[in-house]
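S.K.: Below: sequence and its predicted model.
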Amino acid sequence: MIDFTALARERERYARDGVLLLKNALSLQEMALARQAYDWSMSHPGPSRFDVMQGSEGRFFTDTNNPKAFDAYKPFLKRTGLVDVAATLWGVEDVWFFYEQVFVKEGGQTVRTPWHQDTSYAPIDGKHLMAFWICFEPIPADQSLEFIPGTHNGVLYDGSALDANDPLRPLYGDGSMPVLPDVDGHRERFNIVSWAVDPGDVVVFHPSVLHGGAPTGPGQSRHTLTFKLFGPDAIVARRPGAGEGVKDMPKGSELSPMAQVVATIPPGGSFRHPGFPQLRPA
């Protein structure tokens with residue numbers, strides 16, 4: 001159960017560090033709803049599904065931002081207090097759903113998820129952004145998601161191209177954003193934190209915090225669900241290539257809400273679209 005009085009006292013620390021662990025945030029019933037949502041995503045892969053770091057051993061699969069996913073996730077979002085967690089830590093009333101993401105690592109030695117910031121991949125910026133990381137297996141700290149606190153308040157780096165042979169290869173590589181630092185090559189230089197998590201624990205973090213995930217070994221598997229919310233100060237951000245070709249699409253072509261935002265709202269404008277449902281006020 002979430003103690004919202006205690007959580008409100010963490011607002012300043014969350015603003016500074018950009019990441020918190022919420023122990024026992026979800027009940028068994030709420031975890032069952034989370035698993036139902038996860039299983040829906042796994043059985044209804046969307047247009048953004050892909051196998052990450054192809055060429056490496058084991059399976060590392062993800063699916064994200066399925067345009068049909070919200071109805072499957074709504075029972076979980078309505079039952080839990082996680083939407084209220086975002087409102088409490090931001091100190092606001094209004095909260096919108098951004099998108100969901102599922103991960104699975106299994107079937108042998110998988111590679112670690114490269115260090116990255118989620119906002120490098122999405123045309124959104126602001127203080128009122130939040131990701132929720134939920135794992136369905138118990139994980140020790142040395143196999144959990146790792147973070148470098150405070151990095152959401154600093155530089156936004158180019159994304160990782162998710163190359164199994166070169167995790168630092170930039171996503172865009174056009175010089176508009178600095179290349180990611182070699183965290184794993186110089187771990188002693190960084191304040192890296194991670195936590196052991198059990199089912200029911202939730203890690204909340206700002207998507208611009210540098211983070212990366214541990215690999216899995218033979219006989220291990222890891223199934224995780226992430227979803228992202230945004231609040232009133234979220235704005236449209238310019239990302240290399242975003243919106244290119246939209247004006248040349250045939251009339252009547254169906255664009256995703258993300259593409260429509262980029263096509264119709266200039267950088268710096270409020271990030272809003274009916275395709276991103278408002279969760280608070282209900």
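M.R.: Noted; the coordinates are in hand. Given the structure is predicted, the values throughout are model-derived calculations rather than measurements.
S.K.: Stretch 224-238: end-to-end distance?
M.R.: From its first residue to its last, stretch 224-238 covers 29 Å (C-alpha to C-alpha, to the nearest Å).
S.K.: Which secondary structure state is assigned to Thr216?
M.R.: coil (DSSP: H, G, I helix; E, B strand; the rest coil).
S.K.: Quick check: phi and psi at it.
M.R.: Thr216 adopts backbone torsions of phi -120, psi 150, taken as degrees, to the nearest 10.
S.K.: Okay, now the unreliable bits of this protein?
M.R.: Low-confidence segments of the chain (pLDDT under 70): 49, 51-59, 107-110, 242-254.
S.K.: which strand is the longest one in the chain?
M.R.: strand 95-106 (DSSP state E).
S.K.: That one: how far from the chain's middle?
M.R.: From the chain centre to the centre of strand 95-106 is a distance of 6 Å (C-alpha atoms, centre = their mean, to the nearest Å).
S.K.: Can you give the strand pairings for it, parallel or anti for each?
M.R.: strand 59-64 (antiparallel), strand 222-230 (antiparallel), strand 278-280 (antiparallel) (DSSP bridges).
S.K.: For it, C-alpha coordinates in CSV please.
M.R.: Provided in CSV are the C-alpha atoms of strand 95-106 (Å, rounded to 0.1, in the frame of the first residue of the first chain):
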residue,chain,number,x,y,z
VAL,A,95,-2.1,13.5,-15.4
TRP,A,96,-2.2,11.9,-18.9
PHE,A,97,-1.2,8.4,-20.2
PHE,A,98,1.7,8.5,-22.6
TYR,A,99,2.5,4.9,-23.5
GLU,A,100,3.2,1.3,-22.3
GLN,A,101,6.2,-0.9,-22.9
VAL,A,102,6.9,-4.6,-22.2
PHE,A,103,10.2,-6.4,-22.1
VAL,A,104,11.3,-10.0,-21.9
LYS,A,105,14.8,-11.4,-21.6
GLU,A,106,15.1,-15.2,-21.6
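S.K.: for stretch 100-108, which positions count as buried?
M.R.: Using 16 or more other C-beta atoms under 10 Å as the test for burial, stretch 100-108 gives Glu100, Gln101, Val102, Phe103, Val104, Lys105, Gly107. For the C-beta atoms, the positions are set from N, CA and C on the backbone; glycine is no exception.
S.K.: which residues pair with the first one across the strands?
M.R.: Put plainly, it is Glu100. In this entry, Glu100 is beta-bridged to Phe227, by DSSP bridges.
S.K.: just checking, it touches Leu229?
M.R.: No: using C-beta atoms under 8 Å, Glu100 is not in contact with Leu229, being 10.6 Å away.
S.K.: hang on, the earlier thing: and the buried residues of stretch 100-108 as JSON lines, adding distance to Gly154?
M.R.: Supplementary listing: the buried residues of stretch 100-108 in JSON lines, determined by distance: C-beta to C-beta, whole Å:
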{"residue": "Glu100", "distance to Gly154": "27"}
{"residue": "Gln101", "distance to Gly154": "24"}
{"residue": "Val102", "distance to Gly154": "29"}
{"residue": "Phe103", "distance to Gly154": "26"}
{"residue": "Val104", "distance to Gly154": "31"}
{"residue": "Lys105", "distance to Gly154": "29"}
{"residue": "Gly107", "distance to Gly154": "36"}
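S.K.: Report all helices and strands that the helix or strand hosting Val202 contacts.
M.R.: Using DSSP states H and E, Val202 sits within strand 202-205. Packing contacts for strand 202-205, counted by 3 or more C-beta pairs under 8 Å, 6 or more residues apart in numbering; DSSP states H and E, involve strand 19-22, helix 82-90, strand 129-135.
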